[in-house]
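In: here are the coordinates; sequence isn't available:
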């Protein structure tokens, strides 16, 4: 148990609905004397987000007298520690929102229930999710969680700066070469204006943005068995060389940006483009300049680029006392109308392709055009790895070395070799 708890907590340091069910297909309500009480821990912070989830829980409770869901909001940063403590004490919640990286630890340590064994679970096998989330919750032919929120990457565009630079904001860059050329052209406007904002801090957030370049060039962060790194290859070298060129060409400034500060910088109106997650769409609609979004450019402009998948899944702890009650709520929340309400309210994408294409969500996207690029990316997003315990150490090592490259302290080849050595040592230690 202690080893499992440590693995779960380690996953946190690194850092997800389904085909609809008719009301008649849900389990019948029990009488008042046999109400199933479900404790639901959600870790998606923000007063507005919590209000949306609380509203959905209240709606479910009104229409399901045989089940009563009690919602508890826990801090995102401490969620896995709290869950690990509850599991170790034999008193876990009945339902939990699991983030992308702890999902694997929960499944492999047998801490969650097999949802494909639940009554009426056949719909899980026919539901088509965004491929990365589906890969994440499936393990050894079984399904261990139901994706509820999806996050993918896209390209944000400052339309005003595009026009000032003589570029067409309705013709965003589709290839790496065009991304570089457009960014350089915007940077030449001068007066503190830059074409592209990129994270440079030595942490995993930098790799979140470098990753699409690595993967679209045929490289990988880890080997298939997760025992060694996978980026010290010709494909990794090519991606890192292009990353370095984005800085050396003046397309992106060499500044100490992280994920949040990159968004703040873009919101200032002095950057032409930003590669970031769909989570920023709401903020982008409020920027003091016209904004557009587009898919991440691909290597050669054929199709769209790649994106790492992120999000949340609903999981039932193996030791939960009210599994069937929790499952009843999961099935209800998986109906497209409710899954769309969750996604729209929180500002994420629904991971179910059926929900994305449902009339309810299609109407939402029609009124929120910045979402369109991310809907396109949803079907292209992939799970590139099941994050090992050493994920944070590996990505930090790689980010540190990439930072040395942009400060001209090392060559790209030297940096990848050093990062690989540090990463492999971290993976060996576990």
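Out: Perfect, I can see it now. Being a predicted model, the structure only gives us computed values, none of them experimental.
In: strands of the stretch 251-400 of the chain, residue ranges please.
Out: 271-277, 291-294, 310-315 (DSSP state E, counting those that start in this stretch).
In: tell me which of those sits nearest to residue 88.
Out: strand 310-315 (16.9 Å; Cβ to Cβ). C-beta coordinates here come from the backbone N, C-alpha and C atoms, glycine included.
In: and this protein, what are its domains?
Out: 2-151+310-378, 153-308+390-429 (automatic domain parsing).
In: just send those back as TSV, with mean neighbour count and mean pLDDT too.
Out: Output for the domains of the chain, formatted as TSV (neighbours: other Cβ atoms under 10 Å; pLDDT from 0 to 100):
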stretch	mean neighbour count	mean pLDDT
domain 2-151+310-378	19	85
domain 153-308+390-429	19	94
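In: just the element for residue 157, please.
Out: strand 153-158 (DSSP states H and E).
In: hang on, isn't residue 97 packed against residue 44?
Out: Yes. Counting by Cβ atoms under 8 Å, residue 44 is a contact partner of residue 97 at 6.2 Å.
In: now do the shared contacts for the two.
Out: Here residue 97 and residue 44 have residue 312 as joint contacts, going by Cβ atoms under 8 Å, 6 or more residues apart in numbering.
In: hmm, back to that, by contact count, what packs against the strand holding residue 157?
Out: helix 204-216, strand 271-277, strand 291-294, helix 372-378 (3 or more Cβ pairs under 8 Å, 6 or more residues apart in numbering; DSSP states H and E).
In: need the residues that contact stretch 366-373.
Out: 154-155, 278, 281, 284-285, 291-295, 349, 364-365.
In: against residue 371, how distant is residue 416?
Out: For residue 416, the distance to residue 371 equals 36 Å [Cβ to Cβ, to the nearest Å].
In: if I pick residue 142, what's in contact with it?
Out: 114, 116-117.
In: as a markdown table, those with distance to residue 79 and secondary structure would be great.
Out: Supplementary listing: the contacts of residue 142 in a markdown table, determined by distance: Cβ to Cβ, whole Å; DSSP: H, G, I helix; E, B strand; the rest coil:
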| residue | distance to residue 79 | secondary structure |
| --- | --- | --- |
| 114 | 22 | coil |
| 116 | 24 | helix |
| 117 | 25 | helix |
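In: a markdown table please, covering those residues and showing distance to residue 182.
Out: A markdown table is the format used below for these (distance: Cβ to Cβ, whole Å):
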| residue | distance to residue 182 |
| --- | --- |
| 114 | 49 |
| 116 | 46 |
| 117 | 51 |
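In: between those residues, which is closest to residue 127?
Out: Nearest to residue 127 out of the contacts of residue 142 is residue 116 (Cβ to Cβ; 11.3 Å).
In: ignoring the adjacent residues along the chain, who's closest to that closest one?
Out: Leaving aside its chain neighbours, residue 116 sits nearest to residue 143 (4.1 Å; criterion: Cβ to Cβ, 6 or more residues apart in numbering).
In: that neighbour and residue 121 touch, don't they?
Out: Yes. With contacts counted by Cβ under 8 Å, residue 143 reaches residue 121, the gap being 7.4 Å.
In: overlap in contacts, the two.
Out: What both residue 143 and residue 121 touch, as defined by Cβ under 8 Å, 6+ apart, is the set residue 115.
In: hmm, back to that, now, which of the contacts of residue 142 sits nearest residue 137?
Out: residue 116 (9.9 Å).
In: how close does that closest one sit to residue 146?
Out: Residue 116 is 10 Å from residue 146, by Cβ to Cβ.
In: same thing with residue 320?
Out: In terms of Cβ to Cβ, residue 320 sits 14 Å off from residue 146.
In: list the contacts for the spatially most central residue of the chain?
Out: For the chain, residue 310 is the residue whose C-alpha lies nearest the centre (Cα atoms, centre = their mean; 1.7 Å). For residue 310, the contact set (Cβ under 8 Å, 6+ apart) comprises 100, 150-152, 277.
In: surely residue 429 is in contact with residue 389?
Out: No. The criterion here is Cβ under 8 Å, and residue 429 misses it with residue 389 at 9.1 Å.
In: ok so, going back, now distance to residue 184 too, for the helices and strands packed on strand 153-158, in TSV please.
Out: As requested, the helices and strands packed on strand 153-158 are exported to TSV (distance: least, Cβ to Cβ, whole Å):
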stretch	distance to residue 184
helix 204-216	17
strand 271-277	10
strand 291-294	18
helix 372-378	22
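In: nearest to residue 324, of these?
Out: Here helix 372-378 is closest among the helices and strands packed on strand 153-158 (Cβ to Cβ), at 31.2 Å.
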